[in-house]
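Engineer: fold the following.
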Amino acid sequence: MFKTELIKKHASLPARITRITTAHGEILTPAFMPVGTRAYVNFMTPHDLIQAGSQIILGGNTYHMLCAPGMEILQAAGGMHLFMGWDKPMLTDSGGFQVFSLSKNKTICKIDAHGAHFKHPLSGQVIHLTPETSIKAQKIIGADIIMAFDECTPENGGWEAAFSALERTHRWLDESITVHEKQAHSAYGYPQALFGIIQGGRFRELREQSAQYVVAAPLDGIAIGGEIIGFDMQKTSEVLDWLQPLLPDGKTRYTMGVGLHPQDLIDVAAKGIDIFDCVAPTRNARHGSLYCGSAVKKENWLYFANEANQGKILIKKAIYAKDEKPIMETCFCYTCTHFTRAYLHFLFKQQSIAYSNLACIHNIHVMHDVCAKIRDVILHDTP
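Structural biologist: Below you'll find the predicted structure:
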């Protein structure tokens, strides 16, 4: 069964180490989740992910899986784990964020009190995504952690939009729980954990109201969502300060979409967050932005130190054409232990698929290495 165990708290910060037990293995947190939205992490095989240090991935977003390959094919394969060859823990999401993005174009997607109605991008077939259909689809996907269907709060929508999304999210949460409790395991017999999502935008009153509602519900974990989370890190930290006193120790805490930069992981882990995901490490890698720095202890915590390069190098620059150093001399990923900046610069200029693979391996490894250093600081910190 799914279980969250508190291993150790930091002596002076909310930061903590937990052990999450799932049907497909254990996760030691804080832990970063690479994102495989369409049943694959771009330019990385499951072997690459494991070698880079991945304990858990976000695999198979519900909206995208409904579009392709479709639930029938996934169920025939025995679920997402077998379909994509990943045998470790997996989290999936409800499709709520994609619905939020698509609904900006009313000809593609419309939201009402019951859910979202959107056209399949290829066939034009109308697909209804509701709390019931989202949870049932996630049963077929078969992830170890599934998410209640929610409405993502727009960053600039104002108080009324945030309140409306909050009310709808809470109503859909109740409906998601009802569906989940009828069958608390996947279509393949594995137990699944259901997480609810705290909304409320940038408004403290709404965030606290939502936290109280979600914490009181029979859930295995608590996510903190909304467009602002991970998008505006200063405001993200402020929201976490509001919520931290309201979050129970015994449930996993998840900030959705956090991980644009290694420092972001350090910042939210300091606030007591356990898991986080973001598409940015692999997306940035493919476009030539490679993390470069080191997680350094300062007083009782960490920061991602770098030399005036904002924690990254842009490998396309001509200065790297003859640079025989690895991306990071302190990094022990496959890329840094086998290849130089000069070679990666060459591959990038050639638009080689090999570049994207090596670059993604590096950026994902850096995120996992930062998490390992966070765990080490918490483990060895004393009052």
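
Engineer: how much space between the closest residue in space to Pro281 that isn't next to it in sequence and Leu6?
Structural biologist: Spatially, and ignoring its direct neighbours in sequence, Pro281 is nearest to Asn363 (4.1 Å; C-beta to C-beta, 6 or more residues apart in numbering). Using the backbone N, CA and C atoms, a C-beta is placed for each residue, glycine as well. Here the criterion is C-beta to C-beta, to the nearest Å. By it, Asn363 lies 30 Å from Leu6.

Engineer: between those two, tell me which one has more neighbours.
Structural biologist: Neighbours per residue (other C-beta atoms under 10 Å) separate Asn363 from Leu6, with Asn363 holding more: 25 against 12.

Engineer: distance of that one from Ile197?
Structural biologist: Where Ile197 is concerned, Asn363 sits at a distance of 27 Å (C-beta to C-beta).

Engineer: ok, longest helix in the protein?
Structural biologist: helix 353-380 (DSSP state H).

Engineer: and that helix, what's buried?
Structural biologist: Neighbour counts over helix 353-380 (16 or more other C-beta atoms under 10 Å) mark 355-371, 373-375, 377-378 as buried.

Engineer: which neighbouring elements make contact with the helix or strand where Ala137 lies?
Structural biologist: Taking DSSP states H and E as the definition, Ala137 sits inside helix 131-141. Using 3 or more C-beta pairs under 8 Å, 6 or more residues apart in numbering; DSSP states H and E as the contact test, the elements touching helix 131-141 are helix 62-67, helix 71-77, strand 115-119, strand 145-147, helix 158-182.

Engineer: CSV for the ones you listed, including mean pLDDT and mean neighbour count?
Structural biologist: As requested, the helices and strands packed on helix 131-141 are exported to CSV (pLDDT from 0 to 100; neighbours: other C-beta atoms under 10 Å):
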stretch, mean pLDDT, mean neighbour count
helix 62-67, 91, 22
helix 71-77, 97, 15
strand 115-119, 83, 21
strand 145-147, 98, 28
helix 158-182, 96, 18
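
Engineer: closest to Glu299 out of these?
Structural biologist: Closest of the helices and strands packed on helix 131-141 to Glu299 is strand 145-147, at 33.9 Å (criterion: C-beta to C-beta).

Engineer: average pLDDT for the longest helix of the chain?
Structural biologist: Average pLDDT, helix 353-380: 97.

Engineer: where in the protein is pLDDT low?
Structural biologist: Residue ranges of the chain with pLDDT under 70: 100, 102-106, 307-308, 382-383.

Engineer: where do the helices sit along it?
Structural biologist: Taking DSSP H, the helices of the chain run over residues 46-52, 62-67, 71-77, 80-84, 96-102, 131-141, 158-182, 204-216, 233-243, 262-269, 280-286, 334-338, 341-349, 353-380.

Engineer: OK, contacts around Arg253?
Structural biologist: Arg253 makes contact with Gly221, Ile222, Ala223, Ile224, Leu247, Gly272, Ile273, Asp274, Ile275 under the criterion C-beta atoms under 8 Å, 6 or more residues apart in numbering.

Engineer: so the second one touches Tyr213, yeah?
Structural biologist: Looking back up the chat, that one is Ile222. No: if you go by C-beta atoms under 8 Å, Ile222 and Tyr213 don't touch, sitting 10.8 Å apart.

Engineer: so for these two, which sits in the more crowded spot?
Structural biologist: More crowded of Ile222 and Tyr213, by other C-beta under 10 Å: Ile222, with 22 against 17.

Engineer: partner residues bridging the more buried one?
Structural biologist: Beta bridges link Ile222 to Gly196, Arg253, judged by DSSP bridges.

Engineer: measure it to Lys136 for me?
Structural biologist: Ile222 is 22 Å from Lys136, where distance means C-beta to C-beta.

Engineer: same check on Thr330?
Structural biologist: 46 Å.

Engineer: and these two? Which one has more around it.
Structural biologist: Between Thr330 and Lys136, counting by other C-beta under 10 Å, Lys136 is the more crowded of the two (18 against 12).

Engineer: that one - nearest residue in space that isn't next to it in sequence?
Structural biologist: Take Lys136 and drop its neighbours on the chain: the residue closest to it by C-beta to C-beta, 6+ apart is Val179, 6.7 Å away.

Engineer: touching, the one you found and Ile135? I think so.
Structural biologist: Yes: Val179 lies in contact with Ile135 (C-beta under 8 Å); the separation is 4.3 Å.

Engineer: the residue sitting nearest the centre point of the chain bridge partners, please.
Structural biologist: Against the mean C-alpha coordinate of the chain, by C-alpha atoms, centre = their mean, the closest residue is Asp277 at 1.9 Å. Applying DSSP bridges to Asp277 yields these beta-bridge partners: Met33.

Engineer: so who does His345 touch?
Structural biologist: Contacts of His345 by C-beta under 8 Å, 6+ apart are Ile315, Lys316, Lys317, Tyr320, Ala321, Asp323.

Engineer: buried subset of those as a ChimeraX selection?
Structural biologist: In ChimeraX syntax, the buried subset of the contacts of His345 is picked out as below (16+ other C-beta under 10 Å):
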select :315,320,323
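
Engineer: and the two most separated of the contacts of His345?
Structural biologist: In terms of C-beta to C-beta, the contacts of His345 reach their longest pairwise distance at Lys316 and Asp323, which sit 12.5 Å apart.

Engineer: ok, His24 to Asp277 distance?
Structural biologist: Applying C-beta to C-beta to His24 and Asp277 gives a distance of 17 Å.

Engineer: swap in Phe32?
Structural biologist: Distance from Phe32 to Asp277, counting by C-beta to C-beta: 7 Å.

Engineer: so who does the residue in the chain sticking out farthest from the centre touch?
Structural biologist: Using C-alpha atoms, centre = their mean, the residue of the chain lying farthest from its centre is Lys322. It sits 36.1 Å away. Counting by C-beta under 8 Å, 6+ apart, Lys322 makes contact with Ala342.
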